[in-house]
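Student: Quick check, what structure comes out for this input:
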Amino acid sequence: MIDIQHLSKKFNDNIVLEDLSLKISRGDVVAVIGPSGTGKSTLLRCMNLLERPERGSIRIGDFSMDLRDKTKSRVLELRRRTAMVFQQFNLFKHKTALENVMEGLITVKKIPLPEAERIAREQLDLVGLSDRLGHYPQHLSGGQQQRVAIARALAMKPDVLLFDEPTSALDPELVGEVLDTIRITAAAGYTMALVSHEMQFVRTVANRVIFLDGGKIIEDGTAGEVFRNPKNQRTREFLAKINRLSSPDYSI
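Tutor: This is a model prediction of the structure:
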């Protein structure tokens, strides 16, 4: 389904991703975990060329390209096959929830207005926002805005959904509603790659977990394998620290 080969990315002299290769099967929900600054978000952003790698190729289904290719038509085709849900929602402030979901359908996929509206209404209903169609982002909670962003991504019918820390900008009480929406989406069979610091959520939603450190994949397995019996010492140290920080007995 998805085959990334020899992906390398650096910022100035800082190597963020180093000769990384990764295959994702159709229907997989792959969670990328690891320390801050280790290239997790950069990996997702390279997959749809929001970041330009120095080296690497990607194949999604029957489409493949060198990620250094700057041909506009090739870049657009890659982005049609992926959909990113960002940390900060990235909604158009002057458009309603319905209009935000319709926008890509009309401008990118050239779908006629009545059909675009039908699809947008359907997707907003799926994420529980059928009563917020006419609301602008400033009149929606952070969790509702993120669910609009998820509906927008789903409406485009991508081959793969990319979630970049989708709850990191939310107040704690709003996190659950977004995670529930992602969980429902995963159960529907979408292929997904997600970066999240919500380890309990990762345990329950991902069928595969990769641990990224120093720009390389150093652990790759099922959620059960990685969380219960990690093979790499660095993974064990990371998870032990996460478990200490999430313990009810931990205090600063």
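
Student: Every contact and neighbour count from this point should use C-alpha atoms.
Tutor: Noted.

Student: can you give me the helices for the stretch 1-150 of the chain?
Tutor: Here the stretch 1-150 of the chain has its helices, by DSSP state H, counting those that start in this stretch, at 40-47, 72-80, 97-107, 113-126, 142-155.

Student: Make a markdown table from those helices and add mean neighbour count and distance to residue 8 to it.
Tutor: Shown next, in a markdown table, are the helices of the stretch 1-150 of the chain (neighbours: other Cα atoms under 10 Å; distance: least, Cα to Cα, whole Å):
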| stretch | mean neighbour count | distance to residue 8 |
| --- | --- | --- |
| helix 40-47 | 22 | 9 |
| helix 72-80 | 15 | 18 |
| helix 97-107 | 22 | 30 |
| helix 113-126 | 18 | 36 |
| helix 142-155 | 25 | 27 |
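
Student: mean pLDDT for the ones you listed: which is lowest?
Tutor: If you rank the helices of the stretch 1-150 of the chain by mean pLDDT, helix 72-80 sits at the bottom with a mean of 90.

Student: by how many degrees do that one and helix 97-107 diverge?
Tutor: 140 degrees (axes from the mean of the first three to the mean of the last three Cα atoms, to 10 degrees).

Student: now the closest residue to residue 219 other than its chain neighbours, what's its secondary structure?
Tutor: Counting by Cα to Cα, 6 or more residues apart in numbering, the nearest residue to residue 219 once its immediate chain neighbours are dropped is residue 211, at 5.0 Å. Secondary structure assignment for residue 211 (DSSP: H, G, I helix; E, B strand; the rest coil): strand.

Student: let's have the chain start at 6 instead
Tutor: Got it, first residue is 6 now, which makes that one residue 216.

Student: With distance to residue 92 added, can I get the helices of the stretch 6-155 of the chain in a markdown table?
Tutor: As requested, those are exported to a markdown table (distance: least, Cα to Cα, whole Å):
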| stretch | distance to residue 92 |
| --- | --- |
| helix 45-52 | 10 |
| helix 77-85 | 18 |
| helix 102-112 | 17 |
| helix 118-131 | 19 |
| helix 147-160 | 8 |
